[in-house]
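> no sequence on this one, just coordinates:
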Ligand code: ADP
């Protein structure tokens, strides 16, 4: 059975009755979802902007086009069992149009909008009784000034739509700083909101998955270490998190998934801060309704990875066991160094594998640029260890970060010279 030729060059030659999942976006999340799809007998179909993107390189079923072009969306959805996402930037009106035409869009647009629009998300979360930082809509500078007077400087200004990895997040300390941001962004048509700058103890993430049938599954809550607004390291599970707070975060994430009608993997990004009684408490920062950087550890550290789980969920298969397989797993992002090392990536891999054979490498097929997410490393701790043993956790983390730094910088962070 031969299918239509695609503008991306691929011809569909499916020979099985297994489902076709189409994913909007050709980044690393789609690339790794394709990897999970292979094991399920599938080939992920991808809508990518460019044949060189991470997922375009690996899937033979690629439509080249824009996620803002309804015709391209229709083409990738044509004949697919389900349409899903590696980012949240598809215009909601296009998604509603596809649903009206009979396309199975998961997560559905009614749920996805709460991951697309930060102001709607904050309002909905508050309505659902989830703890969130104080916030307000910004129509002009006065809204920021009023909010800062009621709270205090600095405040956090956010683009309501389209931000990621900290782009679209500003933390002005004064009215003058806020004025420059607000004037510039509003002039460019960017909708803004303002929120309280939370005194963070650390950042956590609660990842869950939910199927249309209503089945839910939750991975343990993880700690996500951010550098310059970008996730650098994830420690799974989060050390020193009380059972009570962990259970509350997991239950909250499952409840939000159910109440919002989410389908697929979802990350609930959390802030851990001190409550009025000085005890740790959590606030919800944001929702991502797709596989997420804070779930990459599951590829090597859990029975079911977030990518497989996302496929199972959007296809309404029974969900997989999310249990961790080690007391701790650490993920470290390979973030492009200030300059591309003279040593080739191939040679860096040789050295890494020689020194840290336990490091699991996931590269995204991207060119090296400063700060760019090029891949990640997962290291699972020995089964005999304990999450309560700080030295054990620190050792696993050190190895993961050392491996990631080596691949991005071509230098060993512990000064080792290879002899
Ligand atoms: P993005 O969607 O671009 O990832 P986020 O809303 O997650 O943006 O913010 C990026 C980072 O900025 C967060 O991970 C956190 O470190 C910091 N941040 C965001 N909002 C707040 C806040 N209200 N208080 C303190 N830090 C914040």
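All right, it came through fine. Because the structure is a prediction, the values reported are computed rather than measured.
> need the three-state assignment for residue 89.
coil (DSSP: H, G, I helix; E, B strand; the rest coil).
> so it versus the ligand, what's the distance?
12 Å (Cβ to the nearest ligand atom, to the nearest Å). Just so you know, the C-beta spots here come from the backbone N, C-alpha and C atoms, and that holds for glycine as well.
> run through the residues that contact that residue.
For residue 89, the contacting residues are 25, 67-68, 116, 162, by Cβ atoms under 8 Å, 6 or more residues apart in numbering.
> the ligand: which of those residues is nearest?
In terms of Cβ to the nearest ligand atom, no member of the contacts of residue 89 lies closer to the ligand than residue 162, at 9.2 Å.
> show me what contacts that closest one?
89, 168, 190.
> name the nearest residue to the last one, sequence neighbours excluded.
It stands for residue 190. Nearest residue to residue 190 in three dimensions, chain neighbours excluded: residue 159, at 5.1 Å (Cβ to Cβ, 6 or more residues apart in numbering).
> picking up where we left off before, need the buried ones from the contacts of residue 89 selected in PyMOL.
Restricted to buried positions by 16 or more other Cβ atoms under 10 Å, the PyMOL selection for the contacts of residue 89 reads:
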select buried, resi 25+67+116
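> of the contacts of residue 89, which belong to helices?
residue 116 (DSSP state H).
> want to throw the contacts of residue 89 into JSON lines with pLDDT?
Below are these laid out as JSON lines (pLDDT from 0 to 100):
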{"residue": "25", "pLDDT": "98"}
{"residue": "67", "pLDDT": "98"}
{"residue": "68", "pLDDT": "98"}
{"residue": "116", "pLDDT": "96"}
{"residue": "162", "pLDDT": "78"}
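> just the contacts of residue 89 that are near the ligand?
Contacts with the ligand within the contacts of residue 89, as defined by Cβ under 6 Å from any ligand atom: none are present.
> now for residue 112, how many residues are close by?
26 (other Cβ atoms under 10 Å).
> what's the end-to-end length of stretch 31-45?
10 Å (Cα to Cα, to the nearest Å).
> ok, back up a step: switch the contacts of residue 162 over to a markdown table; also include pLDDT.
Putting those into a markdown table (pLDDT from 0 to 100) gives the following:
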| residue | pLDDT |
| --- | --- |
| 89 | 94 |
| 168 | 91 |
| 190 | 92 |
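> tell me the residues of the stretch 1-150 of the chain that contact the ligand?
Counting by Cβ under 6 Å from any ligand atom, the stretch 1-150 of the chain sits next to the ligand at residue 133.
> phi first, then psi, for whichever residue of the stretch 1-150 of the chain sits closest to the ligand.
Proximity of the stretch 1-150 of the chain to the ligand (Cβ to the nearest ligand atom) peaks at residue 133, 4.6 Å away. Main-chain dihedrals, residue 133, degrees, to the nearest 10: phi -60, psi 150.
> can you count the residues close to it?
The burial count for residue 133: 16, using other Cβ under 10 Å.
> for the nearest residue to residue 26 once chain neighbours are set aside, which residues are in contact?
Nearest non-adjacent residue to residue 26, counting by Cβ to Cβ, 6+ apart: residue 48, 2.6 Å away. The contact partners of residue 48, by Cβ under 8 Å, 6+ apart, come to 8, 25-26, 30, 55-56, 62-64.
> the top strand by length along the chain: which residues count as buried?
Criterion DSSP state E: the longest strand present in the chain is strand 264-274. Neighbour counts using 16+ other Cβ under 10 Å place 264-273 of strand 264-274 among the buried residues.
> could you pull up the mean pLDDT of stretch 97-113?
Throughout stretch 97-113, pLDDT has a mean value of 98.
> endpoints of that stretch, how far apart?
Span of stretch 97-113 from end to end, Cα to Cα: 14 Å.
> so where's the protein uncertain?
In the predicted model, the chain carries pLDDT under 70 at residues 1-15, 163-165, 419.
> what's the closest non-adjacent residue to the residue sitting nearest the centre point of it?
In the chain, the residue lying closest to the centroid (Cα atoms, centre = their mean) is residue 292, at 2.2 Å. Leaving out its chain neighbours, the residue that sits closest to residue 292 by Cβ to Cβ, 6+ apart is residue 267, at 3.6 Å.
> partners of that neighbour in the sheet?
Taking DSSP bridges as the rule, residue 267 bridges to residue 207, residue 288.
> so it makes contact with residue 295?
Yes - when contacts are counted by Cβ atoms under 8 Å, residue 267 is listed as touching residue 295 (6.3 Å).
> okay, and the common contacts of the two?
What both residue 267 and residue 295 touch, as defined by Cβ under 8 Å, 6+ apart, is the set 205, 207.
> now the helices for the stretch 1-150 of the chain?
28-39, 70-77, 92-100, 109-116, 118-127, 141-150 (DSSP state H, counting those that start in this stretch).
> deepest of these, which one?
helix 28-39 (a mean of 23; mean count of other Cβ atoms under 10 Å).
> okay if I get the contacts of residue 162 as TSV plus distance to residue 196?
Compiled in TSV, the contacts of residue 162 are given as follows (distance: Cβ to Cβ, whole Å):
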residue	distance to residue 196
89	26
168	17
190	20
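> how close does residue 251 get to residue 187?
Per Cβ to Cβ, to the nearest Å, residue 251 is found 43 Å from residue 187.
> neighbour count for those two, which is higher?
A direct count of neighbours by other Cβ under 10 Å for residue 251 and residue 187 places residue 251 higher, at 13 against 8.
> look up which helix or strand the more buried one falls in, please.
Using DSSP states H and E, residue 251 sits in helix 243-260.
> and residue 408, that one's in a helix?
Yes - with three-state DSSP as the criterion, residue 408 is part of a helix.
> so what's the residue count around it?
Quick note: residue 408 (other Cβ under 10 Å) scores 26 neighbours.
> quick check: it touching residue 334?
Yes - in this structure residue 408 lies within contact range of residue 334 using Cβ under 8 Å: 4.9 Å.
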